[in-house]
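>>> coords below, sequence missing:
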């Protein structure tokens, strides 16, 4: 039986461990988010069992990921996002199709039963692999100072479209499985997604044209805008899930995007960054590690988890990277976009829980998928930071070489000019 106020101890342990491990991972040139993920594994049932994932931690973690995405929306350059929208759609499509087919292929090899129900279960594994955890990438890019860049904005746009495509794929599979109304359900879900974008436009108009001018009229201070901003974030997160079947983090991102056009953006970014750093982000990232249980570990489970994780990462790098290259991004940008789309997190776990509830997960796949989520969540920030470090060195070499070539070119012209004068 849990003692009263145990949640206070859990919260204290999570905060101090994520901070200490974050400092350690930063000292060894790894992103601090990796330390937070490791803290959850060490504190949780997989190691010492000091903290378990209670409903309190789940709710704080959910608010944490919502605030992370809201902050990402606040810091997004809308002009850059608009510019990369069409390209992001192409990247997202390949980023869904390639992992989906690869996941289905792995499941079919291990579960070759040709029955229609087993076929749907195998395809469902592919659907799980389509989900991108943009929150982990966002936190890493913010730490590197690369969020508001061409590749950063493309990753954001592609990941959001990826989520919408994943919702459609999930709806199709559940409809075919006979749990809902077939083609009518699919059409209705598409209609709700369209309604979500109409809702975002309405909220933008109400906020920018009515609410903010009204506040400015009666309030000269800045603190009220934090309340209004958090209200908009939460109401759009709730409405997107409740009424439109779209992920709450997508609604939170669009709320931040709406407020990014106001002159209060720097103040809001600072305030919500403090709230996120103080408690919400550490709890969210630690909660991923808390989902691991020592009892699920075995050599077969670990081997399958590693295989699925490798496929999950490679298919995003290949699918999204090739699509980015086809859209005329540079080689470096294409690889960064592929790596940025590789993390799996809360969305994959949500889809997994939906599959478990509907008996759409093949036997023996539940534990490996949970481990895969943790592996990709840890590996993606490490790979991203390593690649940025490699790129900076490579760019330095290129710039030095370019300077040397320019210098030689100039000297050549000086010699030729001198010869002509003579």
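Sure thing, it's come through. Because the structure is predicted, anything quoted here is derived from the model rather than measured. Residues are numbered from 1 along each chain as shown.
>>> Stretch 329-336 - what's its average pLDDT?
Stretch 329-336 carries an average pLDDT of 88.
>>> correction: stretch 340-352
Rounded mean pLDDT across stretch 340-352 is 78.
>>> So what's the gap between that stretch and the chain middle?
Between the centre of stretch 340-352 and the centre of its chain there are 7 Å (CA atoms, centre = their mean, to the nearest Å).
>>> Stretch 360-376 too?
Computed by CA atoms, centre = their mean, the chain-centroid distance of stretch 360-376 equals 18 Å.
>>> Same check on stretch 149-157?
12 Å.
>>> Same question for stretch 10-21.
22 Å.
>>> Show me what counts as buried in it.
10, 11, 13, 14, 15, 17, 18, 19, 21 (16 or more other CB atoms under 10 Å). Every residue, glycine included, has its C-beta placed from N, CA and C.
>>> Not counting its neighbours along the chain, what's nearest the last one?
Closest residue to residue 21 in three dimensions, ignoring its sequence neighbours and counting by CB to CB, 6 or more residues apart in numbering: residue 35, at 3.4 Å.
>>> tell me which residues in whichever helix or strand that neighbour is part of are buried?
Using DSSP states H and E, residue 35 sits within helix 32-43. For helix 32-43, the neighbour count (16+ other CB under 10 Å) marks 32, 33, 34, 35, 36, 37, 38, 39, 40, 41, 42, 43 as buried.
>>> pLDDT and distance to residue 370 added to those, as a markdown table?
Below are the buried residues of helix 32-43 laid out as a markdown table (pLDDT from 0 to 100; distance: CB to CB, whole Å):
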| residue | pLDDT | distance to residue 370 |
| --- | --- | --- |
| 32 | 78 | 23 |
| 33 | 79 | 18 |
| 34 | 79 | 18 |
| 35 | 84 | 20 |
| 36 | 86 | 17 |
| 37 | 82 | 13 |
| 38 | 87 | 16 |
| 39 | 91 | 17 |
| 40 | 90 | 12 |
| 41 | 87 | 12 |
| 42 | 91 | 17 |
| 43 | 93 | 17 |
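>>> Name the nearest of those relative to residue 91.
The nearest member of these to residue 91, counting by CB to CB, is residue 33 at 22.9 Å.
>>> Please name the residues that touch the closest residue to residue 130 other than its chain neighbours.
Nearest residue to residue 130, sequence neighbours excluded (CB to CB, 6+ apart): residue 96, at 4.4 Å. Residues near residue 96 by CB atoms under 8 Å, 6 or more residues apart in numbering: 130, 162, 165, 166, 169, 319.
>>> Just give me the least confident of those residues.
pLDDT across the contacts of residue 96 is lowest for residue 166, at 75.
>>> Report the separation between it and residue 382.
Here residue 166 is placed at a distance of 25 Å from residue 382 (CB to CB, to the nearest Å).
>>> In terms of neighbours, single out the busier of these two.
A count of neighbours by other CB atoms under 10 Å puts residue 166 above the other of residue 166 and residue 382, at 25 against 17.
>>> thinking that one is in contact with residue 344, fair?
No: shown here, residue 166 and residue 344 do not form a contact pair, counting by CB atoms under 8 Å, at 11.0 Å.
>>> For the two, list the residues in contact with both.
Common neighbours of residue 166 and residue 344 (CB under 8 Å, 6+ apart) are residue 131.
>>> that older thread, need phi/psi at the residue nearest to residue 130.
Dihedral angles of residue 96 (phi, psi; degrees, to the nearest 10) stand at phi -100, psi -40.
>>> nearest spatial neighbour of the spatially most central residue of the chain, skipping sequence neighbours?
Residue closest to the average C-alpha location in the chain (CA atoms, centre = their mean): residue 134, at 1.0 Å. Closest residue to residue 134 apart from its sequence neighbours, by CB to CB, 6+ apart: residue 159 at 3.6 Å.
>>> pLDDT score for the one you found?
Reported pLDDT for residue 159: 81.
>>> residue contacts, it?
Counting by CB under 8 Å, 6+ apart, residue 159 has contacts 92, 132, 134, 137, 340, 341.
>>> In PyMOL, how would I select the buried members of those?
Here is the PyMOL command that picks out the buried ones among the contacts of residue 159, judged by 16+ other CB under 10 Å:
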select buried, resi 92+132+134+137+340+341
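>>> thinking again about what came up before, now the element after the strand or helix carrying the residue nearest to residue 134, going C-ward?
Under the criterion of DSSP H and E, residue 159 resides in helix 150-176. Sequence-wise, the next helix or strand downstream of helix 150-176 (DSSP H and E) is helix 183-205.
>>> now for the helix or strand just after that following helix, which elements pack on it?
Under the assignment DSSP H and E, the closest C-terminal helix or strand after helix 183-205 is helix 212-218. Applying 3 or more CB pairs under 8 Å, 6 or more residues apart in numbering; DSSP states H and E, we find helix 212-218 packed against helix 223-244.
>>> now the helix it packs on against helix 183-205, angle please.
170 degrees (axes from the mean of the first three to the mean of the last three CA atoms, to 10 degrees).
>>> So which residues make contact with helix 223-244?
Under the criterion CB under 8 Å, 6+ apart, residues 66-67, 70, 192-193, 195-196, 199-200, 203, 207, 211-212, 215, 246-252, 254-256, 258-259, 264, 267-268, 271-272 lie in contact with helix 223-244.
>>> so whatever helix or strand comes next after the helix holding residue 35 versus helix 150-176, what angle?
Later in the chain than helix 32-43, the nearest helix or strand by DSSP H and E is helix 55-74. In terms of direction (the same axes, to 10 degrees), helix 55-74 departs from helix 150-176 by 130 degrees.
>>> other SSEs contacting helix 55-74?
So helix 55-74, by 3+ CB pairs under 8 Å, 6+ apart, packs with helix 6-27, helix 134-144, helix 223-244, helix 248-259, helix 265-275, helix 281-290.
>>> Only the buried residues of it, if you could.
Buried-residue list, helix 55-74, by 16+ other CB under 10 Å: 57, 60-74.
>>> next one: stretch 94-104
94, 95, 96, 97, 98, 99, 100, 102, 103, 104.
>>> Of those, which belong to helices?
94, 95, 96, 97, 98, 99, 100, 102, 103, 104 (DSSP state H).
>>> tell me which of those residues is nearest to residue 390?
Of those, the one sitting nearest to residue 390 (CB to CB) turns out to be residue 95, at 22.6 Å.
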